[in-house]
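**Student:** okay, here's the prediction I keep looking at, along with the sequence it came from:
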Amino acid sequence: MLLRARQFAFAFPRPALLMGVVNATPDSFYGGARFDDAPAAVAHALRLVEEGADIIDVGGESSRPGAASVSEAEELRRVLPVLEALSGATTIALSIDTVKPGVARQALRAGACMINDIAANREDEEMWRLAAESGAAYVAVHMQGTPATMQENPVYGDVAAEVDRFFEDRLKRLRSRGVNAEQVVLDVGLGFGKRLEDNLRLLAQLRRFAKWERPLLVGASRKSFVGAASGAKVQERLPPSLACACWGVANGARIIRCHDVAATRHALRMTEALMKQQTNAGHFTYPQ
């Protein structure tokens with residue numbers, strides 16, 4: 001399996017990719033990755049690179065539950081200086097976390113090679129055309145509603161089946177708009193319009209999404225459902241977040257989006273060493 005992101009190509013099987021989170025915002029839920037100052041955001045991103053990040057995901061609009069949208073101009077003011085500085089300071093892949101095609105277009109010009117779109121439930125085609133034209137990787141995230149409304153009353157009959165149908169529909173739509181399958185990453189959208197039981201069920205059933213033969217991204221890092229399941233406050237959620245990351249990789253995830261890159265890298269490399277041993281013993285098939 002291959003993931004293409006403009007000048008980058010990631011061939012699987014390989015160690016799971018680590019996507020480090022950098023929020024150029026004043027209101028994201030976790031202060032450890034929140035920077036309302038471009039130099040501070042850049043410095044943090046470079047620390048994550050030193051810790052082993054393969055991708056840096058830069059966002060300028062909070063997607064926490066209940067978050068209000070910001071203008072395109074404000075979002076660009078927050079993210080462009082960060083992306084421009086990083087594109088000149090590092091050679092690793094840069095991702096733009098945005099729902100706005102105008103922001104994504106400018107971010108790609110500034111050096112991004114991936115669009116992380118929590119609004120992949122959109123009907124408008126502009127973001128998909130941009131991915132097709134640019135060759136950027138596109139992360140299709142499942143979300144019920146919008147950040148402002150997604151946790152008001154999320155309801156599912158069978159959440160895994162609904163996410164499965166969503167992936168099937170998005171892959172068809174993306175292909176029809178000219179996006180190559182090798183550009184697409186699938187994300188079940190943990191925390192995006194999901195109850196605690198929905199998040200846990202999606203993690204438990206990750207392997208069912210392997211049939212789409214696209215890299216699965218898991219982003220559980222320090223989210224509220226992690227705290228609800230473990231009893232940990234935001235500042236205490238690293239251990240349960242690592243548990244979700246390791247579980248994800250053991251069950252087919254190929255990209256882990258996280259705040260704590262060094263700790264996550266160590267945990268995943270240990271998990272992968274155990275997976276390899278199981279493969280050698282004939283009990284486990286390494287995810288492709």
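**Tutor:** Thanks, I have the structure now.
**Student:** may I have stretch 256-274 as CSV, with CA atoms only?
**Tutor:** This file holds the C-alpha atoms of stretch 256-274, laid out as CSV (Å, rounded to 0.1, in the frame of the first residue of the first chain):
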residue,chain,number,x,y,z
ILE,A,256,-1.1,8.0,14.8
ARG,A,257,-1.9,11.7,15.4
CYS,A,258,-0.6,12.7,18.8
HIS,A,259,0.6,15.5,21.1
ASP,A,260,3.3,13.6,22.8
VAL,A,261,5.6,12.3,19.9
ALA,A,262,8.5,10.9,21.9
ALA,A,263,6.5,8.9,24.3
THR,A,264,4.2,7.7,21.5
ARG,A,265,7.1,6.7,19.3
HIS,A,266,8.7,4.6,22.1
ALA,A,267,5.4,2.9,22.8
LEU,A,268,4.7,2.1,19.2
ARG,A,269,8.1,0.8,18.4
MET,A,270,7.7,-1.6,21.4
THR,A,271,4.2,-2.6,20.1
GLU,A,272,5.6,-3.2,16.6
ALA,A,273,8.5,-5.3,18.0
LEU,A,274,5.9,-7.6,19.7
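**Student:** mind listing what's buried along it?
**Tutor:** By 16 or more other CB atoms under 10 Å, the buried positions in stretch 256-274 come out as 256-265, 267-268, 271-272. Quick note: C-beta positions are derived from backbone N, CA and C, even for glycine.
**Student:** next: stretch 195-206.
**Tutor:** Result for stretch 195-206 [16+ other CB under 10 Å]: buried residues 195, 198-203, 205-206.
**Student:** chain center to that stretch: distance?
**Tutor:** Taking CA atoms, centre = their mean, to the nearest Å, one finds stretch 195-206 lying 16 Å from the centre of the chain it belongs to.
**Student:** next: stretch 132-145.
**Tutor:** Using CA atoms, centre = their mean, the offset of stretch 132-145 from its chain centre is 10 Å.
**Student:** please apply the same query to stretch 222-232.
**Tutor:** 18 Å.
**Student:** so what touches that stretch?
**Tutor:** 29-30, 32, 65, 190-191, 194, 196, 199-200, 220, 233-234, 236-241, 244, 259 (CB atoms under 8 Å, 6 or more residues apart in numbering).
**Student:** all helices of the protein, in order?
**Tutor:** 38-50, 72-89, 101-109, 126-134, 159-176, 196-204, 224-230, 238-250, 261-280 (DSSP state H).
**Student:** want to throw these into TSV with distance to Gln7 and mean pLDDT?
**Tutor:** TSV is the format used below for those (distance: least, CB to CB, whole Å; pLDDT from 0 to 100):
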stretch	distance to Gln7	mean pLDDT
helix 38-50	17	94
helix 72-89	11	96
helix 101-109	12	98
helix 126-134	11	97
helix 159-176	20	96
helix 196-204	32	96
helix 224-230	34	92
helix 238-250	26	96
helix 261-280	22	91
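**Student:** for those helices, which one sits closest to Val58?
**Tutor:** Closest approach to Val58 among those is made by helix 72-89 (5.3 Å; CB to CB).
**Student:** and that closest one, how far from the chain's centre?
**Tutor:** 19 Å.
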